[in-house]
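*Asks:* Provide a 3D model corresponding to the input given below.
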Amino acid sequence: MPELLETVDVAKYFGGVRALDGVSIKVKEGSVIGLIGPNGSGKTTLFNVITGFYVPERGEVWFNNEQIDGLNPNEVYLKGLVRTFQIPRLFPSLTVLENVIITPPYQIGERVLDAPFKKRWEKQEIDLAKKAVELLRRFGMGKYIKSKISELSAAHIKMLETIRGLLASPKILLLDEPAAGVAYTTAKELFEYILRLRSEQGLTFLIIEHRLEVLMDYVDYVYVLHNGRLLSEGKPEEVVQDPKVIEAYLGG
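*Replies:* Numbers count the residues shown, from 1 in each chain. Below is the predicted model of the structure:
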């Protein structure tokens, strides 16, 4: 499988702090890749560089054979590189269903010249609503379709962030701690669905996750960051036995 996403010697500094210091990773098309490491190791910073929220001090980011470092987040998003956030960024004034439907790009009803004419965008919106409802029900959130964000638990809010990303029809989905605060059984169901999407649609995933007891059962390959550098990489069973990784988690 060819590389869909690649970072080459990426560095990002904040004053004297080297949040990333020469990080190179490769994500093959159709793979499910884990990105792990202790708190403060640079995982979310790497996501921010990949998705255009940060410009790296040095290095390159390649996506689908195109160099994308320096592009704005919206430009990266429209290319099919979609991410979720460690702290979900939802619209509190909208319902759960509306929060999900709003994410897919190229919606006809968002165009100024088409918005006044319902017949132009009605079918697309109905189709999106059906897909959104199916996803919400799949993850046990069907009864919250009409709820406001303020009525949800922290776990449901986290799940909703992942559902929004899935509806955006990405080529690759970067998930930032999708299982945080979610019940173990639900977390397993989420990762089972991720594998199903990979199998049925060829979707690619790069996943930050602290719950290694869940993650390691589902990923093909793992990268480990520590103090902004790549500490280890390999298959899950190799990484969990790496003395450097064990020391970083127990001693970091």
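*Asks:* switch to C-alpha atoms for all contacts and neighbour counts from now on
*Replies:* Will do.
*Asks:* Can you get me a residue count around Phe117?
*Replies:* Neighbourhood size, Phe117 [other CA atoms under 10 Å]: 11.
*Asks:* how far away is it from Pro105?
*Replies:* 19 Å (CA to CA, to the nearest Å).
*Asks:* Ok, Asp9 next?
*Replies:* With distances taken as CA to CA, Asp9 is found 31 Å from Pro105.
*Asks:* go on, Val96?
*Replies:* 18 Å.
*Asks:* Look at these two and report which has more neighbours.
*Replies:* A count of neighbours by other CA under 10 Å puts Val96 above the other of Val96 and Pro105, at 28 against 17.
*Asks:* what residues are up against the residue nearest to the more buried one when sequence neighbours are not counted?
*Replies:* Residue nearest to Val96 in three dimensions, not counting chain neighbours: Ile145, with 5.2 Å by CA to CA, 6 or more residues apart in numbering. Residues near Ile145 by CA atoms under 8 Å, 6 or more residues apart in numbering: 95-97, 133, 136.
*Asks:* make it 10 Å
*Replies:* Counting by CA atoms under 10 Å, 6 or more residues apart in numbering, Ile145 makes contact with 95-100, 132-133, 136-137.
*Asks:* Separate out the buried members of these.
*Replies:* Taking 16 or more other CA atoms under 10 Å as the criterion, what is buried in the contacts of Ile145 is 95-100, 132-133, 136.
*Asks:* residue boundaries of the helices in the stretch 51-200 of the chain?
*Replies:* 73-78, 96-101, 118-138, 154-167, 184-201 (DSSP state H, counting those that start in this stretch).
*Asks:* by contact count, what packs against the second one?
*Replies:* Okay, so that is helix 96-101. For helix 96-101, the packing partners by 3 or more CA pairs under 10 Å, 6 or more residues apart in numbering; DSSP states H and E come out as helix 118-138, helix 154-167.
*Asks:* at 7 Å instead, please
*Replies:* On a contact count with 3 or more CA pairs under 7 Å, 6 or more residues apart in numbering; DSSP states H and E, helix 96-101 meets helix 118-138.
*Asks:* Tell me the gap between the helix it packs on and the middle of its chain.
*Replies:* How far helix 118-138 lies from its chain's middle: 22 Å, per CA atoms, centre = their mean, to the nearest Å.
*Asks:* how about that helix as PDB, C-alpha atoms only?
*Replies:* Provided in PDB are the C-alpha atoms of helix 118-138 (Å, rounded to 0.1, in the frame of the first residue of the first chain):
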ATOM      1  CA  LYS A 118     -35.000  24.500  -1.000                       C
ATOM      2  CA  LYS A 119     -35.400  22.100  -4.000                       C
ATOM      3  CA  ARG A 120     -31.700  22.500  -4.800                       C
ATOM      4  CA  TRP A 121     -30.400  21.300  -1.400                       C
ATOM      5  CA  GLU A 122     -33.300  19.400   0.200                       C
ATOM      6  CA  LYS A 123     -32.300  15.900  -1.100                       C
ATOM      7  CA  GLN A 124     -28.700  16.200   0.000                       C
ATOM      8  CA  GLU A 125     -29.700  17.400   3.400                       C
ATOM      9  CA  ILE A 126     -32.100  14.500   3.900                       C
ATOM     10  CA  ASP A 127     -29.400  12.000   2.800                       C
ATOM     11  CA  LEU A 128     -27.000  13.500   5.300                       C
ATOM     12  CA  ALA A 129     -29.600  13.400   8.000                       C
ATOM     13  CA  LYS A 130     -30.200   9.700   7.400                       C
ATOM     14  CA  LYS A 131     -26.500   8.900   7.600                       C
ATOM     15  CA  ALA A 132     -26.200  11.000  10.700                       C
ATOM     16  CA  VAL A 133     -29.100   9.300  12.400                       C
ATOM     17  CA  GLU A 134     -27.700   5.800  11.500                       C
ATOM     18  CA  LEU A 135     -24.300   6.700  13.100                       C
ATOM     19  CA  LEU A 136     -25.900   8.200  16.200                       C
ATOM     20  CA  ARG A 137     -28.000   5.100  16.700                       C
ATOM     21  CA  ARG A 138     -25.100   2.800  16.000                       C
END
